[in-house]
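K.L.:
compute the structure for the input listed below.
(one chain, ligands or ions: 1)
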Amino acid sequence: MTQDELKQAAAEAALAFVVEDSIVGVGTGSTANYFIDGLGRMKDRIRGAVASSDASAQRLAGHGIALFDLNDVTELPVYVDGADEIDGSLAMIKGGGAALTREKIVAAVAGRFVCICDASKRVATLGRFPLPVEVIPMARAQVARALTALGGRPVWREGVVTDNGNLILDVHDLSITDPVGLESEINQIVGVVTNGLFARRGADTLLLAAPGGVQRIDAA
Ligand SMILES: O=C(CO)[C@H](O)[C@H](O)COP(=O)(O)O
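P.N.:
Residues are numbered from 1 along each chain as shown. This next block holds a predicted model:
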């Protein structure tokens, strides 16, 4: 099976978690896109969706799925999204698609975070994938210095502007021994909007697709 087929298999498995007549939280990226396409087939059984990016909103709208503003939503039973890396405790690195801030906001409201991944995303220790950090533009250099002081090697993702009008620094070479602590520490740097560690609120359920099938792993 190709990596794309595995992504699609994980996304299809996530459709079973969609609650009838609910509003669904929807992530961003190529795996989430397969989920959106599946959601399109069952659009008459949901009220609509909250999107974590303009790109996902566009794809949802293309399927005729009603879009809700998160401010108008009080109940979001499920959020479905991919990840760049996920460890044994279901902590993740996200933000490869630069949508980390909205993803974290929508996920924070959701009752259950269902992560959909192909097996290549599973790691013993987070950090081989450079950690995305969303930064207010005028603070780029000072945040980069602070990240260097933490032992990382920040690289500006030049040309990329987030849906919120901000910049992304990708931090290489971090030793992530304490994902929860590091998530908080980086968020304390003035000028950081948020970082791509999803450890304080990791996934509740992982649907991991490998050639042998899709494995369900629940957080302890
Ligand atoms: O965090 C994300 C976007 O900001 C994505 O979930 C992550 O990059 C995984 O993407 P893909 O499903 O394309 O591999």
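K.L.:
hmm, who's touching stretch 63-70?
P.N.:
23, 36-37, 39-40, 43, 46-51, 57, 60-61, 76, 105-106, 109 (C-beta atoms under 8 Å, 6 or more residues apart in numbering). Bear in mind the C-beta positions are built from the backbone N, C-alpha and C, glycine included.
K.L.:
weed out the non-buried ones from those residues.
P.N.:
Neighbour-count burial (16 or more other C-beta atoms under 10 Å) applied to the contacts of stretch 63-70 gives 23, 36, 39, 46, 48-51, 57, 60, 76, 106.
K.L.:
in stretch 179-194, which residues are buried?
P.N.:
Here stretch 179-194 shows 179, 182-183, 186, 189, 191-194 as buried, counting by 16+ other C-beta under 10 Å.
K.L.:
domain map for this protein?
P.N.:
By the assignment in automatic domain parsing, the chain contains the domains 3-124+200-218, 131-195.
K.L.:
quick one: which of those domains is nearest the ligand?
P.N.:
When the domains of the chain are compared by C-beta to the nearest ligand atom, domain 3-124+200-218 sits nearest the ligand, at 2.9 Å.
K.L.:
can you give me how far the closest one is from the chain middle?
P.N.:
Chain-centre distance of domain 3-124+200-218: 8 Å, with C-alpha atoms, centre = their mean, to the nearest Å.
K.L.:
what is the neighbour count of Ser30?
P.N.:
The number of residues packed near Ser30 is 15, by other C-beta atoms under 10 Å.
K.L.:
so who does it touch?
P.N.:
4, 7, 82.
K.L.:
isn't there a strand covering the first one?
P.N.:
Okay, so that is Asp4. No - the assignment for Asp4 (DSSP: H, G, I helix; E, B strand; the rest coil) gives helix, which keeps it out of a strand.
K.L.:
for the helix or strand that contains Ala9, name the packing helices and strands.
P.N.:
Per DSSP states H and E: Ala9 is located in helix 3-14. Using 3 or more C-beta pairs under 8 Å, 6 or more residues apart in numbering; DSSP states H and E, the elements in contact with helix 3-14 are helix 30-41, strand 112-118, strand 205-210, strand 213-218.
K.L.:
if you set the cut-off to 10 Å instead, what comes out?
P.N.:
Here helix 3-14 touches helix 30-41, strand 78-81, strand 112-118, strand 205-210, strand 213-218, going by 3 or more C-beta pairs under 10 Å, 6 or more residues apart in numbering; DSSP states H and E.
K.L.:
distance to the ligand and mean pLDDT added to these, as JSON lines?
P.N.:
Formatted as JSON lines, the helices and strands packed on helix 3-14 follow (distance: least, C-beta to the nearest ligand atom, whole Å; pLDDT from 0 to 100):
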{"stretch": "helix 30-41", "distance to the ligand": "3", "mean pLDDT": "98"}
{"stretch": "strand 78-81", "distance to the ligand": "5", "mean pLDDT": "98"}
{"stretch": "strand 112-118", "distance to the ligand": "8", "mean pLDDT": "98"}
{"stretch": "strand 205-210", "distance to the ligand": "11", "mean pLDDT": "98"}
{"stretch": "strand 213-218", "distance to the ligand": "15", "mean pLDDT": "98"}
